[in-house]
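A.B. asks: prediction below, plus the sequence it came from.
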Amino acid sequence: MRLDDFVLLLSENLFVYFFVFMGVLLMMYPVIKRNTSCVIDPLFYAIIVAVFANTIPVFLYVTKSIETKYFLYFLISEFLFWFSFTLSYKAKNHGNLKFYTVKNEDLILRTINYIFILLLCAIIIIQYIKVGFGLFMEHRLEVFKDSGGLGVISHIVPPITTFCIFYSYYSIDRKKTSKLGIITLVIIGIYYILTGAKSSFLNFAFIFFFYSIYFKKSAISRCLMRNFIIIAVICAIFIFSFNPASSGFRGTLLTMAYRVVGNGDIYWYAFPNDMIEDIHPAFWFVDLFANLLYPLRILNYSDMVAPVGTQLVYDIYPSMEGAVVGANSRTTVWGYAMFNYYGIIFSVLWGVFLGFLMRKCKRIFPKGLLGVFFAYLLYNNCITGITDPGLFSLSLFDNLLSTILIIAIIAFIGVCQIFIKYIRCEKNTN
């Protein structure tokens with residue numbers, strides 16, 4: 001089903017969509033209640049997105065746009081995913097991180113922050129000169145298409161900005177005010193706007209949630225949460241206003257509404273007219289970890305097969321063949337594309353796997369801000385896995401690059417300290 005066909009169907013059945021949405025929200029409420037702490041918990045956002053996504057196949061079935069077999073598969077698969085995830089996650093068990101600490105953590109954090117700020121400023125300048133920004137492009141994902149090695153920017157920036165936001169909160173808290181911390185947050189905010197990513201400003205809220213709960217061990221006021229949400233919505237409206245489809249404030253709001261409803265676009269692409277039966281994805285392991293296997297040159301890029309969501313878009317819009325586009329392949333659709341009805345088993349295993357990782361990430365890293373930072377990376381990594389199993393390996397690759405960079409910085413600091421001690425010993429000897 002094409003987008004214009006779905007919009008027509010939706011416009012003719014708005015009340016049906018509303019009641020279906022409320023029903024799905026009611027069914028998902030126990031999942032929200034059991035697994036989330038507050039509205040700026042990244043998992044809360046992921047589940048709300050899932051509510052909008054899950055509304056689509058139910059709406060399509062009620063309007064007789066998909067076959068019963070797809071609807072039943074969706075119901076069973078999605079229920080078992082969240083059931084197994086919830087059992088595995090045990091969200092309210094917020095245990096402390098391990099009690100071993102990083103030696104000289106303050107020095108390490110400060111050094112990493114300075115290096116990352118300089119690196120981020122250099123990246124912004126290079127990107128502006130060489131490829132531009134997604135805010136001013138029709139398809140923001142095509143920013144680094146045919147850009148050569150500059151594509152690495154898209155991989156290292158997310159962890160870098162995440163660390164800088166963490167450290168900015170830390171420095172502002174510690175000094176009550178920090179000019180560098182505030183300036184850093186402003187620079188990152190400007191960069192988020194330039195990327196054209198509509199929900200990017202929510203990262204400020206998500207990181208603050210993790211910083212407050214798992215580092216400061218303090219509750220977050222409702223007023224502060226409300227302010228985070230208001231700022232994120234205002235910035236999203238501003239970014240949407242640059243969309244070519246937006247015309248005036250009303251057009252911007254309509255584009256935003258489509259973006260929210262469109263969280264389930266994979267379903268209207270995949271299930272109507274049996275489109276999912278016509279795609280030819282790569283072997284499941286290759287597709288799942290493609291964003292690790294190809295960048296690490298374990299597999300050759302020339303042999304790369306388009307992901308499930310991208311193939312569906314190409315089949316429905318042949319003129320877009322080769323463009324960097326595609327719908328997020330929700331767990332249910334990805335499982336069916338790879339294993340047919342056995343995708344139900346995948347949903348169970350994937351739910352257990354993600355829930356287990358999200359529970360353990362809070363306990364396996366060192367005590368301190370650096371440990372909380374790495375815990376957040378893994379936690380957020382799992383959040384992307386809920387949205388699209390294939391994005392899990394993409395986020396994992398980004399985090400791997402940042403980890404290597406941080407280890408290199410720590411090693412550099414260690415070598416410098418050894419060298420300084422050696423010089424002092426030589427002076428004392430003489």
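C.D. replies: Received, thanks.
A.B. asks: worst-scoring helix or strand of this protein, pLDDT-wise?
C.D. replies: helix 248-261 (a mean of 76; mean pLDDT, DSSP states H and E).
A.B. asks: what helices and strands are in contact with the helix or strand following that one?
C.D. replies: Moving toward the C-terminus from helix 248-261, the next helix or strand (DSSP states H and E) is helix 265-270. On a contact count with 3 or more CB pairs under 8 Å, 6 or more residues apart in numbering; DSSP states H and E, helix 265-270 meets helix 3-12, helix 42-62, helix 308-316, helix 331-339. Using the backbone N, CA and C atoms, a C-beta is placed for each residue, glycine as well.
A.B. asks: tell me the angle the third one makes with helix 3-12.
C.D. replies: Comparing the axes of helix 308-316 and helix 3-12 via axes from the mean of the first three to the mean of the last three CA atoms, to 10 degrees yields an angle of 100 degrees.
A.B. asks: helices and strands around helix 308-316, which ones?
C.D. replies: helix 265-270, helix 331-339.
A.B. asks: what of the first one?
C.D. replies: Under the contact definition 3+ CB pairs under 8 Å, 6+ apart, helix 3-12 sits against helix 265-270.
A.B. asks: could you rerun that using 10 Å?
C.D. replies: Judged by 3 or more CB pairs under 10 Å, 6 or more residues apart in numbering; DSSP states H and E, the packing partners of helix 3-12 are helix 14-35, helix 42-62, helix 248-261, helix 265-270, helix 308-316.
A.B. asks: so which of those gets nearest Gly368?
C.D. replies: helix 42-62 (20.9 Å; CB to CB).
A.B. asks: of the helices and strands packed on helix 308-316, which is nearest Ile229?
C.D. replies: Among the helices and strands packed on helix 308-316, helix 265-270 sits nearest to Ile229 (CB to CB), with 24.0 Å.
A.B. asks: got the contact list for the next helix or strand after the closest one?
C.D. replies: Sequence-wise, the next helix or strand downstream of helix 265-270 (DSSP H and E) is helix 284-288. With CB atoms under 10 Å, 6 or more residues apart in numbering as the contact definition, helix 284-288 has outside contacts at 281-282, 293-294, 298-299, 303-308, 329, 334-335, 337-339, 343, 346, 350, 385, 389-390, 392-393.
A.B. asks: return the alpha-carbon coordinates of helix 284-288 using CSV.
C.D. replies: Output of helix 284-288 as CSV, limited to C-alpha atoms (Å, rounded to 0.1, in the frame of the first residue of the first chain):
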residue,chain,number,x,y,z
TRP,A,284,19.0,-13.6,8.8
PHE,A,285,22.3,-13.4,10.6
VAL,A,286,23.8,-11.2,7.9
ASP,A,287,20.8,-8.9,7.9
LEU,A,288,20.7,-8.6,11.7
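A.B. asks: check the offset of whichever helix or strand comes after it from the chain's centre.
C.D. replies: Note on helix 284-288: by DSSP H and E, the next helix or strand toward the C-terminus is helix 290-293. Helix 290-293 sits 17 Å away from the centroid of its parent chain (CA atoms, centre = their mean, to the nearest Å).
A.B. asks: ok, residues contacting helix 290-293?
C.D. replies: In contact with helix 290-293 (CB under 10 Å, 6+ apart) are residues 155, 282, 285-287, 298-300, 304-307, 390-398, 400.
A.B. asks: narrow those residues to those that are buried.
C.D. replies: 155, 282, 286-287, 299, 306-307, 390-398, 400 (16 or more other CB atoms under 10 Å).
A.B. asks: out of the helices and strands packed on helix 265-270, the one nearest Cys425 is which?
C.D. replies: Closest to Cys425 of those, according to CB to CB: helix 42-62, at 48.4 Å.
A.B. asks: what is the mean pLDDT for that closest one?
C.D. replies: Helix 42-62 shows a mean pLDDT of 94.
A.B. asks: need the CA coordinates for it. CSV is fine.
C.D. replies: Extracted C-alpha coordinates of helix 42-62, given in CSV (Å, rounded to 0.1, in the frame of the first residue of the first chain):
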residue,chain,number,x,y,z
PRO,A,42,13.9,6.2,26.8
LEU,A,43,11.9,3.0,27.2
PHE,A,44,8.7,4.9,27.8
TYR,A,45,9.2,6.7,24.5
ALA,A,46,10.0,3.4,22.7
ILE,A,47,6.8,1.9,24.0
ILE,A,48,4.7,4.9,23.1
VAL,A,49,6.2,4.7,19.6
ALA,A,50,5.3,1.0,19.6
VAL,A,51,1.7,1.9,20.5
PHE,A,52,1.4,4.1,17.4
ALA,A,53,3.1,1.5,15.3
ASN,A,54,0.9,-1.3,16.6
THR,A,55,-2.2,0.7,15.9
ILE,A,56,-1.6,0.4,12.1
PRO,A,57,-2.0,-3.3,11.6
VAL,A,58,-5.1,-3.4,13.8
PHE,A,59,-6.5,-0.4,11.9
LEU,A,60,-5.7,-2.1,8.6
TYR,A,61,-7.5,-5.3,9.7
VAL,A,62,-10.6,-3.5,10.9
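A.B. asks: after it, which helix or strand is next?
C.D. replies: helix 68-89.
A.B. asks: circling back: which of the helices and strands packed on helix 3-12 sits most buried?
C.D. replies: Mean neighbour count (mean count of other CB atoms under 10 Å) peaks for helix 265-270 among those, with a mean of 28.
A.B. asks: quick one: mean pLDDT over it.
C.D. replies: Taken as a whole, helix 265-270 has an average pLDDT of 92.
A.B. asks: quick one: it to chain centroid distance?
C.D. replies: Here the centre of mass of C-alpha atoms in helix 265-270, compared against the chain's by CA atoms, centre = their mean, lies 20 Å away.
A.B. asks: then stretch 385-400?
C.D. replies: The answer for stretch 385-400 is 8 Å, by CA atoms, centre = their mean.
A.B. asks: touching, Ile410 and Ile108? I think so.
C.D. replies: Yes. The criterion here is CB atoms under 10 Å, and Ile410 meets it with Ile108 at 5.7 Å.
A.B. asks: now the angle from the top helix by length along the chain to helix 331-339?
C.D. replies: Criterion DSSP state H: the longest helix present in the chain is helix 389-429. Put simply, helix 389-429 runs at 100 degrees to helix 331-339, going by the same axes, to 10 degrees.
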